[in-house]
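In: Fold the following.
(4 chains)
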Amino acid sequence: MITYIARRLLFLPVVLIGVTLMIFVAMSFLTPYQLVSTYIKSPEELKNQSLDDLVRKYGLDQPVHVRYINWMRNLLRGDLGYSASANMPVAEAIARRFPATVELALFAIVPVILGGIWLGTISAKHYNRPLDHFSRVFAIVGWSLPDFVFGLILLMVFYGVLGWFPPGRLSMWADSIVLTGDFTRFTGLNTLDALLNGRPDIFWDSVRHLIAPVMTLAYLWWAYLLRITRSSMLEVMNKDYVRTARAKGLTERVVMNRHVRRNALIPVATVSGSMVLGLLGGVVIVETVFDYKGIGLLTATGAQQLDYTLVLGTTLFYGLLLVLINLVVDVLYAVIDPRVRLE
Amino acid sequence: MTTPNTGEILLDVQGLRKYFPITKGIFRRTVGHVKAVENVSFQVRKGETLGVVGESGCGKTTMGLSIMHLIQPTQGTIRLHVDGSWTEVNEKTIRRLRDKMQIVFQDPFSSLNPRMRIRDIVAEPLQAHGMKNRRKRYERVEELLDAVGLGSHHMNRFPHEFSGGQRQRIGIARALSLNPSLVVCDEPVSALDVSVQAQVLNLLDDLQEEFGLTYLFIAHDLSVVQHISDRVIVMYLGRIVEMGEVGSLFSSPKHPYTEALLSAIPDPDPDVVGEQIILQGDVPSPADPPPGCHFHPRCRYAQERCRREIPELVDVDGKGHFAACHYAQDLNLTGVSRAETA
Amino acid sequence: MKTKVLSLIVLLLTLSLSVSVFAFDPETFVYVGGAGGPQTLDPAAAYDTASGEIIHHVYDNLFEYVDGDLDKIGPMLATEVPTVANGLMSEDGRTIRVPIRQGVKFHNGSVLTAEDVKYSFVRGMLADPAGGPMWMFFEPLLGVQTMRDVIAMAGGPSDFVEIDEVDPAILRKAYDLIDATMEVDGNDIVFHLVDPYPPFINILAKGGSWSSILSKEWMVANGAWDGNPDTWPKWYDRALEEMVLYDKANGTGPFKLDTWDKSGAQVLLSRFDEYWRGPAQLKSAVIKNIPEFSTRLLMLRAGDADGIYVGQQDLPQVRSIPNVVVVEGLPQVTNTVLFFSFTIPVEGNEDLVGSGKLDGNGIPSDFFADINVRKAFGYSFDFEAYLNEVALGAGEIPKGPFPQSLPYVNTEQEYFTHDLDKAAEYFKKAFDGEVWEKGFKVGIVYNTGNDARKTALEILEYNIERINPKFQVDVIGLEWATVLDRLRSASLPIFVMGWLMDFPDTHNFAVPFMHSSGTFAGFCGQGLIDLAKEQFDELIAAGIKATDPAERERIYHELQRLYVDLAIGMPFMEATTHRVMRDWVEGFEYCPAYSAQYDLYYISKVQK
Amino acid sequence: MVVKKLLRNPLSMIGLLLLLGFILVAVFAPWIAPTPEVHANDPYRVPRYGWGNTPEPPSSEHPMGLTQGKYDIFYGIVWGTRTAFQVGLIVTGLSCLIGIVIGSTSAYIGGKFDEVVMRFVDVFMSFPFLIAAIVITTILGRGLDKVIIALVIFRWTGYARLIRGNVLQVKQEEYVMAARAGGVVHRKILIRHILPNTIFPVLIQASMNMGSIVVTASTLSFLGLGAPEGHADWGQMISFARNWILGTPDNPMAYWYTVVWPGLAIVLFVLSWNLIGDAFRDIMDPRIQG
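Out: Have a look, this model is predicted:
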């Protein structure tokens, strides 16, 4: 197991170099004047300035390989560079924005998994009967609604009409306490930090801000989990040991809970890894709609402004995350399912 | 039994070895080898059936596949006598020799592509060997199916519509399609019901006569082999431990392992109460075989010498009965009286 | 059973959370913008509106406009506005003396001196970050555009890469040149201009974040340049984030900078209680940036935002909201212009110029060098439709390159009208009738995301294609980065761009639109540069040096006439602006020069 | 037999009917929503009826109303059907093809080659898709074709992985060895024996992805990428609705038609592919046979 993990980690730098190299290759198609648009965000800022001065100042006239080597050299010194679009060093931007997204993903993963499994179980239990059809269609509608549509509708209902769940990460009053008061940021996760600081009011406030984006994410992902749960449940339900259990005269409920569901959840456990990744990487739209300042929004804005230091930094980070999470998932898989051996 | 004692040799295997590397560590360094087949030499005579037996994992299937070059042997020479001369079987010649050597697989369920029709399965080797005309191919398929006892009306069906025995007949038809001289039968009946086993064995016997085939017949128990084979090879942990005429080997085995295997054959006569020898312990790992005679930890006759020296395979009686045991001459091992049922 | 408990918990949770915690806070003002956050808070580097927004509240200037009127300037940190009449400005307009107000305190407690004022400007000029606003000081004081030019004036190279490569003696000389432009005389500061520059006072007035007054003492304590004539190159043209004032601020303004929460895209300001004009009514202010309009709109509706940014096209959606006030028709000094490129490269530009020949499948390189083509395009555009349907009536149709609210603009100037017959007439004349006969195909470009400009081009497309079926116009959206790149190589046949004033003077439009070294000449090809050198440059130079208003008027009228007669470009919109706020916001003041959306100093909140 | 099973299940029946409906709309688009004279050379350009911005409710001339920018919703929906099929088929087809070729060869050859290819796949999978799409469209320029390229570049890896896993299993089967023993060349073994036994899960996956590509395209439109503005594309039609979903304070449903029509088109399209995919999987997967 240890060798397996070590071996997988050995490939980490290979993948990361591949990722960054690809970005640089892509960037080499861009002219210095396209890249300088990071610093001049709109036509109105053109004024009486020399584009060439800016190009020279930020070293954009250097050939791509020189920039890559420079970037690599800085990286080895632990410097990811400065992001013009985020107004801060890339490392700091990631450190600040990532916890927000983690918080969102953590809060989302519970309803996503529970709801998805529940729907999948219903579907499987009522295979090809109305309840199956209903829950599948319900989930597919969520899957096929663009996230901004559902997000905006939720925002309208729960904020616009009911006034319950406002956008942003914190209310104004809580924000000023967190930013300027004597509030220690331990983790960057507002809920956790609030509890650690003994501020239940801020905890509730941040939960209030999380509910609507979490609902949006949950509805999006249910279809995915439903499908996996349903098909693995169906598979397990036809297994001999389940028939035996039924034949023994166990009640349907016991059969379902003890024999079917438990075994059907193994594939679900494996996809949850990729789901966590999907949640971390795919929250751009939800973050936009709910003005939730997380890493997805950061990277998307950066990419749109061709802020390539930021894009490089975040992709490097995502690559690292992806490899690690996949590794954890594989190891967990082996732990959950005794049939699996790591090779 | 038409058993030529001597005769023309068809296949000559010398010093065949197949090692699988064992890798370890993050860099996948090779730290050792599983010696699946270790220094195996034997010859198959034209027209005979050479049985190969041994427990699961003894390397007999690996040996069969290596001879067929379906896996690459690590070392050794394999020569085939074709058209009056010897041709070495290697990566280069194997494509040309496919029509001389064919194989029947163990599992009739997995050896037929579930998404192909029977006629295409059987005709595929023909097509691969340049029979371009589709009608001719199908004519040949009809003949072959006929020969293995399946009507040509089965041609358009898919494998899942057949029983295990029928499928194995299809597998045989496919093996015969190229008119091979040698057919490696890799446990062709072990996956079948006992009643069907006999039918297939009889079919193989008939076909041998009809087409003048030579069989290398791999099986894991001696009872199957005794009916069909002329000579038998017993393998243990990748090595040949005993080899000889079927009669001599069954009646007077020269290796304790063979004795143990023989004792496990149920006697058709319920009155005969044979002593069943229960082998002690498990088959040792081929990656780390015991020193000396590989069989010694399980051998009830084992001596000090067995723990140190690897016994040579020697002709014990001078009449082609080989055994690899230091005490082959000294031990008086129990065989079975051969029930002439075949 | 378990599910019931669970749903009960969920229900309770929802109820406990749903207790609306909205509370009216009369002392905090929340403004939510949408066009991006500030780039830097350094007055010498900031040149975008979002940065100006913050600087506006933290710093004061020497002068300010009175009653939002660009023609009326009053003193702010100065005690008097210099004029020839009061003797503070010399007859020739080249020496200007400004007495500094006494007893004004900075946020850090230090007291304003004339030395601080000189330091503020000299430091800015020496730092001169590329792409910054400091040219506005170089031009009147030294007659050049950048610090680089000053170094060249001092005998140094103008093409150095690192300033360390330049001889220190030359750098010292360059410093002396700058130092000599201003002198501290007791409580006064005296500016020495190289030539008369009538709008110089405007450049110093409130609204120009570049002329914010800093505290030298605080700056030096925080690691900025300490006034040493030899060490300044260390601070020259640094990256924005390496400048001391990048995210720190210390001014004399009514609000202090609490924090620039970059990851939250918001700036927190709090009242400066010792403000020299008396403390503001608001205790604090939050200036956020939320790009998604719907989110901003809901915050306004809910009362979580007191004012939000709303694009012109979205105004109909906010007009009917109860308790929300929309102030429309606020004048601005700006225009939106359709530019023609006089010399268009053909190679690598096929997506826009097609075949590169006048064969009906493209346009030749000098297509727009023909005045008839430019005029024909001008008469094709439906100005009224754009104004009324796209801009929803918010603005005016221009009369030339200079917005009509500026002085010296001829509001009687004859201008293009929507007249397809006239357009056809010019098309027939163009290229000796070849254009009419063979037709053309051209791609015209807007930068994606700007729907109004796209629509403007579609109006043009619709009308031109109606004139002659052989005319083919494709409206093409390009990413801003690509637009910028292709502007640089002057390869866009037609592009639309807006221009917002820096200071209210016609000169501020004459240079970029008409001067051979102006921003747009560079984007419109050699053809325009040659034309400008020949016909405009001298006039522009004379216009800014003239001190007699009548003379200036004559010159700018002439420039305006030339621009329209030669159809250099086609300005089609002078937009007004608007503000959207809750009705509890009192004391809204507006000035077209303000860089902030709301002048928070005057604002209070009174719940209705 | 498959068809019979499809028809017996009401949900897959609905899926088939929906898909058939969409195909009809796509085929007969020029008759259902004729292209106005001015845009005859570019029928995919949605006609505008005015230069303003505010949507207009359905009327007799515009049965589904006008969306933001006065684009005709009905026209956009009808011609958008073609776009949806184009994008869906091209993206799924190409990425599936690339994935299958690379994934199956890699698994079949195995060893070091497989290792290298899989690391390569890892590199592609380390990009968050939206970010990658943004970068690509910024570099290549905006347009549906660029979106297709971006989607293909980052979609094939999923298929490659899926088929690789299957091939690794199937290549151990005895019929593969039998084919080799019969002298069949590798290419033919791959095509005739391995692919037919591994490809179905991939195809089912692909059919389900067909629909969701439209959703992805709409997300790109939301980010200001995707099809050029005014191109008949459902994703863009629905992203036009972003500022109007909220309605007005007194009537939240004031602009319902900007969301509902394109939303309905997308949901039904995705639904149809998913239902068919689900049904196929249930039928094909012998493990679920009760």
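
In: Enumerate the residues of the stretch 251-400 of chain C near chain A.
Out: C:258-266, C:268, C:284, C:286, C:290-292, C:294-295, C:298-299, C:301-302, C:304 (C-beta under 8 Å from any C-beta of the partner chain). C-betas here are computed from N, CA, C, even on glycine.

In: repeat that for 6 Å
Out: C:258, C:259, C:261, C:262, C:263, C:264, C:290, C:292, C:294, C:295, C:298 (C-beta under 6 Å from any C-beta of the partner chain).

In: likewise the stretch 101-250 of chain D?
Out: So the stretch 101-250 of chain D meets chain A at D:119, D:122-123, D:126, D:128, D:130-131, D:134-135, D:138-139, D:215, D:218-219, D:222, D:238, D:245-246 (C-beta under 6 Å from any C-beta).

In: And those residues, which of them are buried?
Out: Buried members of those, scored by 16 or more other C-beta atoms under 10 Å in any protein chain shown, are D:122-123, D:126, D:128, D:130-131, D:134-135, D:138-139, D:215, D:218-219, D:222, D:238, D:245-246.

In: check those residues against chain C, which are close?
Out: Residues of those in contact with chain C (C-beta under 6 Å from any C-beta): D:138, D:246.

In: Can you turn the buried part of the residues of the stretch 251-400 of chain C next to chain A into a PyMOL selection?
Out: Buried members of these can be picked out in PyMOL with the line below, counting by 16+ other C-beta under 10 Å:
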select buried, chain C and resi 258+261+262+263+264+290+292+294+295+298
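
In: quick one: which of the residues of the stretch 251-400 of chain C next to chain A is nearest to chain B?
Out: residue C:263 (38.4 Å; C-beta to the nearest C-beta).

In: Enumerate every residue touching that closest one.
Out: In this structure, residue C:263 makes contact with A:96, A:97, A:293, judged by C-beta atoms under 6 Å, 6 or more residues apart in numbering or on different chains.

In: Just the buried ones from these, in PyMOL syntax?
Out: In PyMOL, a selection of the buried entries from these looks like this (16+ other C-beta under 10 Å):
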select buried, chain A and resi 96+97+293
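
In: Which strands border the strand or helix carrying residue C:574, and is each parallel or antiparallel?
Out: Assigned by DSSP states H and E, residue C:574 belongs to strand C:569-575. Sheet pairing here is set by DSSP bridges, and for strand C:569-575 it gives strand C:334-340 (antiparallel), strand C:395-396 (antiparallel).

In: I would like the residues contacting that strand, please.
Out: Contacts of strand C:569-575 (C-beta under 6 Å, 6+ apart): C:335, C:336, C:337, C:338, C:339, C:378, C:383, C:395, C:396, C:398, C:401, C:403.

In: what about 7 Å?
Out: Residues from elsewhere that reach strand C:569-575 (C-beta atoms under 7 Å, 6 or more residues apart in numbering or on different chains): C:332, C:334-340, C:377-378, C:381, C:383, C:386-387, C:391, C:394-396, C:398, C:400-401, C:403-404, C:416, C:456, C:513.

In: Which other helices and strands does the very next helix or strand once past that strand contact?
Out: Proceeding C-terminally, strand C:569-575 gives way to strand C:577-582 as the next helix or strand, assigned by DSSP H and E. Using 3 or more C-beta pairs under 7 Å, 6 or more residues apart in numbering or on different chains; DSSP states H and E, the elements in contact with strand C:577-582 are strand C:307-308, strand C:324-330.

In: any chance of the ones you listed in CSV, plus mean neighbour count?
Out: Formatted as CSV, the helices and strands packed on strand C:577-582 follow (neighbours: other C-beta atoms under 10 Å in any protein chain shown):
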stretch, mean neighbour count
strand C:307-308, 26
strand C:324-330, 15
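
In: returning to what we had before: what are the buried residues along the strand holding residue C:574?
Out: Within strand C:569-575, the residues scored as buried using 16+ other C-beta under 10 Å are C:569, C:570, C:571, C:572, C:573, C:574, C:575.

In: quick check, nearest of those residues to residue C:273?
Out: Of all the buried residues of strand C:569-575, residue C:273 sits closest to residue C:575, with 38.4 Å by C-beta to C-beta.

In: The closest one bridge partners, please.
Out: residue C:395.

In: Where does pLDDT dip in the chain?
Out: Since no chain was named, I'll use chain A. Across chain A, the ranges flagged by pLDDT under 70 are A:43-44, A:47-49, A:270, A:281-282, A:336-343.

In: I was thinking of chain D, sorry if that wasn't clear
Out: In chain D (pLDDT under 70), the answer is D:1-3, D:5-6, D:284-290.

In: which stretches of it form strands?
Out: D:66-67, D:71-72 (DSSP state E).

In: deepest of the ones you listed, which one?
Out: Of all the strands of chain D, strand D:66-67 carries the top mean neighbour count, a mean of 28, counting by mean count of other C-beta atoms under 10 Å in any protein chain shown.

In: now it: how far from the chain's centre is it?
Out: Counting by C-alpha atoms, centre = their mean, to the nearest Å, strand D:66-67 is centred 25 Å from the centre of its parent chain.

In: other SSEs contacting that strand?
Out: If contacts are counted by 3+ C-beta pairs under 7 Å, 6+ apart, strand D:66-67 sits against no helix or strand.

In: May I have the residues that are in contact with the closest residue to residue C:261 other than its chain neighbours?
Out: In space, residue C:261 comes closest to residue A:179 once its chain neighbours are excluded; the distance is 5.5 Å by C-beta to C-beta, 6 or more residues apart in numbering or on different chains. Residue A:179 makes contact with C:259, C:261, C:268, according to C-beta under 7 Å, 6+ apart.

In: try 8 Å
Out: With contact taken as C-beta atoms under 8 Å, 6 or more residues apart in numbering or on different chains, residue A:179 is in contact with C:258, C:259, C:261, C:264, C:268.

In: Same question for residue A:168.
Out: Contacts for residue A:168 (C-beta under 8 Å, 6+ apart) come out as A:175, A:209, A:290, A:291, A:292, A:293.
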